[in-house]
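Student: could you look at this predicted model? Sequence included:
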Amino acid sequence: MAEGGTAGREARRHPCAGGAARFVSGGLDPAQSREEFLALARRVTDPILVVYRVGTAPKSRAAMEALAALPNDEAAVFPAGDLAVHEEFPDAVADIVGRLPGG
């Protein structure tokens, strides 16, 4: 029997493999343009909270700022850091989310 290998076992790809790459590249986006995305967001009647960091990539930041500029939407912008916003500022994020309707 081979040590540490897959001998005798079929290697299988997890159904979610590659999901992160599709997310980052926009491969999961139902909208084909920012305008289409914002048109879909305008149909949402509940408030939308956009949470991001100061150091967010310019293209992503522009999309988030456009979303937050819609009526009934708001943004919470956090300082740059090394972890995800909810990991680095858990109490602040929980407080912001808790103020949303139903929170």
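Tutor: Sure thing, it's come through. Predicted model, so just to flag it, every value in this text is computed and none were measured.

Student: hey, let's count contacts and neighbours off CA atoms from now on
Tutor: Fine.

Student: can you mark which positions in the helix or strand residue 63 falls within are buried?
Tutor: Using DSSP states H and E, residue 63 sits within helix 58-68. Judged by neighbour count (16 or more other CA atoms under 10 Å), helix 58-68 contains these buried residues: 64, 65, 67, 68.

Student: show me the contacts for the first one.
Tutor: When contacts are counted by CA atoms under 8 Å, 6 or more residues apart in numbering, residue 64 touches 50, 52.

Student: do you know how far residue 53 is from residue 61?
Tutor: Residue 53 is 9 Å from residue 61, where distance means CA to CA, to the nearest Å.

Student: next secondary structure element downstream of the helix or strand residue 40 falls within?
Tutor: Assigned by DSSP H and E, residue 40 belongs to helix 34-42. Tracing the chain past helix 34-42, the next element assigned as helix or strand by DSSP H and E is strand 48-53.

Student: which elements pack onto that next one?
Tutor: helix 58-68, strand 73-78, helix 85-88 (3 or more CA pairs under 8 Å, 6 or more residues apart in numbering; DSSP states H and E).
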